[in-house]
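[1] when you get a sec, could you give me coordinates for this:
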Amino acid sequence: MELNHLRVFFEVARIGSFTEAARRLNISQSALSRSVALLEDAEGVVLFDRSKRGVSLTPVGMEVFQHCESMFQTVKKIQEVCQGTRATCEGPLRFSTTDHLINYVLVKPLQRFRDEFPDVIPSLLIGTPDEIVNSLLNSENEFGLMFAKVVTPQIDYEPLREEPMALVVNAKVWQDNRGGNQTATLHKVITKVGYISSIGAHTQSRASRVLLELFGKMPRIGFETNGQEAQKQVCLAGGGVAYLSRFMVEREIKNGELHEIDVESPHVFKLWLATKKGRIMSTTAKMFLDRLREDLK
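    Below is the predicted model:
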């Protein structure tokens, strides 16, 4: 049994896509498919059910995957010991991200990493996607984490996870403006307090695709800010309707501070890892990202 064949199988199973696994392993899809086929032929088993909708593990494949997961974790620990990475994981961890990602997603993974490697010093730039990409192009930071791609040939993007959105408003504002149904209530709320948007929305002649899908037209803009956390706080204060990442507002929805407005097809946005092409990352950055990928599964 070839260890490399198992590695390829494991990546396909973990990601759920032959195409994406080939991209991450930096091999052709045909070579990747051949490795999986050789493993199946050698062991006389079928590891994946293949269909137009994608791939899924067979019962045997699931059992093999679980054993691989344990095995490769052990291999990783052996590599760390042999390479002395514990001794060299220190110094600045320079990256850039957005305000809501650091506040709701990254604080705990960063603290766990610092507990494990107390000589690491996280150094964060909080900014817009444009500012994040500029910090990578200028080599100020090693990687960026954000929800919006800034298209440039010098930046590589890796999807880490998908996050759903939630359309919310202060619960009292919703209650005070109740109409005959949700559509009528939403119309009254938007008329009274408006929509909390990113900067520049009120000058646009046409609504964005997202706003058209939410409201059918450009809503009245009541407040503009480029910070998601600022949008949330304005919304909590009754300053308008906001469309925010669900992880930001789940607690407030549950405790009744915010009312969630039903959306027929809530949008889902990908969390992207952005890196400058050709840049070799430090051991500290590599190890943090390895652990973050595991946390985000």
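[2] the residue nearest to Thr128 when sequence neighbours are not counted: neighbouring residues, count only.
    With Cβ to Cβ, 6 or more residues apart in numbering as the measure, Asn226 is the residue that lies nearest to Thr128, at 5.8 Å, once sequence neighbours are left out. Just so you know, the C-beta spots here come from the backbone N, C-alpha and C atoms, and that holds for glycine as well. For Asn226, the neighbour count with other Cβ atoms under 10 Å is 17.
[3] ditto for Lys149
    Lys149: 14 surrounding residues under other Cβ under 10 Å.
[4] pLDDT score assigned to it?
    Lys149 is assigned a pLDDT of 92 by the prediction.
[5] distance-wise, check it relative to Thr19.
    Distance, Lys149 to Thr19, by Cβ to Cβ, to the nearest Å: 18 Å.
[6] didn't His259 look like it was pressed against Asn170?
    Yes - between His259 and Asn170 there is a contact at 7.4 Å, judged by Cβ atoms under 8 Å.
[7] which residues in the stretch 51-200 of the chain form strands?
    In the stretch 51-200 of the chain, the segments counted as strands under DSSP state E, counting those that start in this stretch are 54-57, 91-97, 120-126, 143-146, 155-170, 195-197.
[8] how about those strands in TSV, adding distance to Leu271 and mean pLDDT?
    As requested, the strands of the stretch 51-200 of the chain are exported to TSV (distance: least, Cβ to Cβ, whole Å; pLDDT from 0 to 100):
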stretch	distance to Leu271	mean pLDDT
strand 54-57	20	83
strand 91-97	10	94
strand 120-126	16	94
strand 143-146	7	96
strand 155-170	5	95
strand 195-197	21	94
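[9] in CSV, list these along with distance to Ala274 and mean neighbour count.
    Below are these laid out as CSV (distance: least, Cβ to Cβ, whole Å; neighbours: other Cβ atoms under 10 Å):
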stretch, distance to Ala274, mean neighbour count
strand 54-57, 26, 15
strand 91-97, 9, 21
strand 120-126, 12, 16
strand 143-146, 4, 24
strand 155-170, 5, 18
strand 195-197, 24, 25
